[in-house]
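Q: the following comprises the amino acid sequence and a computationally predicted model.
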Amino acid sequence: MSRSARSTVNRRQSLLQLGALVTLPWAAGSALAQQTLAVQQAGGTVQIPVKPKTILVFDLAALDCLRALGAEVKGVPEVVKFPPVLEQYASKDYTRIGSLFEPNYEVVKGLKPDVIVAGGRSAAKVAELAKIAPTLDLTVDNTQPVASAFKHLKILGEMVGNEAQAQTLMAAMQADIDKLKGMTANKGTGLMVMTNGGKLSAYGPGSRFGMLHDVYGIPAANKDIKVAGHGQAISFEFILKTNPDWLFVLDRDAAIGREGASAAKLLDNPLVNATKAAKKKQIVYLNSANWYLLGNASPGSLHDDVTQLINAFSKA
């Protein structure tokens, strides 16, 4: 090969190498942009971007998980009053993207989200939201509440690139559960009731609030309560007949910020006062917002709720 030909080849090689150097940052950026996490959920497998910049959240338990993971979110649902653990999201810095049930699709589209997190009350809208951006359905499985909560926390930890913190949070949640469970076995039976606009409903094992029995180990005073979304309608006579050692009360009106007679006032009557729970001063008015809106499915809500129960059982 002549000196001239060798020179031409060397120049071409240099240009190709320079081109490779110039295009490398673009290629790396594309690879990062395309990095996704495959999540299997009710509607099939969804590819969720890793370390998304714009996150919109409709589910409050998921919002608490993201808070605990140190992740930034752009949009949150409109609620009358955020539970104490989520008070920071009452700020106008967070765009309101609809209600817990119904998205404001125009606002959602305008924010150009990288990922949307729904579930529970907004689960029915997942398919429609998925037309805008990859959408997670983090609906809790009431038959396996803790495993479900841990699964969701792990997914979110991987999504935001903070798997280590997710593991730390899960360990702390399990420690709280174990501590409470170690106190409940021999302290008597319990009954969970919800007050709502002057009406009463009961929840037993396997229900949306079944963690009280299924996870925390409190023996059910009545094992035959029908499992239904709104619980089994009951009367004051039912409470007296069941006669639990512990009465756990969720005030739905307080949870959703609706005015009305308080649960304490409603239950202050001769029938309820004749129960073992009342006589032993073992009527526990739960953190209603945490139980009703977050379902004990997130680090902050579970810790606060378990701590309340630990304090109650430590006095028994």
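A: In hand now; what should we look at? Here the structure is a predicted model, which is why all the values come from computation and not from measurement.

Q: C-alpha only now, for contacts and for neighbours.
A: Will do.

Q: for the helix or strand where M173 lies, name the packing helices and strands.
A: Using DSSP states H and E, M173 sits in helix 163-184. Identification of packing neighbours for helix 163-184 by 3 or more CA pairs under 8 Å, 6 or more residues apart in numbering; DSSP states H and E yields helix 145-160, helix 299-314.

Q: and for the last one, what's in contact with it?
A: In this structure, residues lying in contact with helix 299-314 by CA atoms under 8 Å, 6 or more residues apart in numbering are 64-65, 68, 85, 169-170, 173, 176-177, 179-180, 183-184, 187, 282, 284, 286-287, 290-291, 294-296.

Q: in it, what's buried?
A: Residues 299-310 are the ones in helix 299-314 that count as buried (16 or more other CA atoms under 10 Å).

Q: V160 touches P52, doesn't it?
A: Yes. The criterion here is CA atoms under 8 Å, and V160 meets it with P52 at 6.9 Å.

Q: so where's the stretch 1-150 of the chain uncertain?
A: The stretch 1-150 of the chain contains residues with pLDDT under 70 at 1-34.

Q: where along the stretch 1-150 of the chain do the helices fall?
A: 3-33, 60-68, 105-110, 126-129, 145-160 (DSSP state H, counting those that start in this stretch).

Q: now do the domain split for this protein, please.
A: Here the domain assignment for the chain is 36-141, 173-314, based on automatic domain parsing.

Q: span of the first one from start to end?
A: Taking CA to CA, to the nearest Å as the measure, domain 36-141 stretches 25 Å from start to finish.

Q: spatially nearest residue to A233 (excluding sequence neighbours)?
A: Among residues not flanking A233 along the chain, S201 sits closest, at 4.3 Å (CA to CA, 6 or more residues apart in numbering).

Q: ok now do the closest residue to A38 other than its chain neighbours, which residues does it touch?
A: Closest residue to A38 apart from its sequence neighbours, by CA to CA, 6+ apart: Q47 at 4.6 Å. Shown in contact with Q47 (CA under 8 Å, 6+ apart): 36-39, 134.

Q: and the residues you listed, which are buried?
A: Using 16+ other CA under 10 Å as the threshold, 36-37, 134 are the buried ones among the contacts of Q47.

Q: closest to K315 out of those?
A: Distance to K315, by CA to CA, is smallest for L37 among these, at 46.3 Å.

Q: surely the closest one touches I48?
A: Yes. L37 lies in contact with I48 (CA under 8 Å); the separation is 5.0 Å.

Q: any common contacting residues for the two?
A: By CA under 8 Å, 6+ apart, the residues touching both L37 and I48 are M159.

Q: send me stretch 207-223 as PDB with only the CA atoms.
A: Extracted as PDB, the C-alpha positions of stretch 207-223 are listed here (Å, rounded to 0.1, in the frame of the first residue of the first chain):
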ATOM      1  CA  SER A 207     -62.000  -7.700  55.200                       C
ATOM      2  CA  ARG A 208     -60.400  -4.500  54.200                       C
ATOM      3  CA  PHE A 209     -59.600  -3.800  57.800                       C
ATOM      4  CA  GLY A 210     -58.900  -7.400  58.600                       C
ATOM      5  CA  MET A 211     -55.300  -6.700  59.500                       C
ATOM      6  CA  LEU A 212     -56.500  -6.200  63.000                       C
ATOM      7  CA  HIS A 213     -57.000 -10.000  63.200                       C
ATOM      8  CA  ASP A 214     -55.100 -11.500  60.300                       C
ATOM      9  CA  VAL A 215     -51.900  -9.600  60.900                       C
ATOM     10  CA  TYR A 216     -51.900  -8.100  64.400                       C
ATOM     11  CA  GLY A 217     -53.200 -11.300  65.900                       C
ATOM     12  CA  ILE A 218     -56.200  -9.900  67.800                       C
ATOM     13  CA  PRO A 219     -58.700 -12.800  68.200                       C
ATOM     14  CA  ALA A 220     -62.000 -11.900  66.500                       C
ATOM     15  CA  ALA A 221     -65.000 -11.600  68.800                       C
ATOM     16  CA  ASN A 222     -67.200 -12.600  65.900                       C
ATOM     17  CA  LYS A 223     -65.700 -14.800  63.200                       C
END
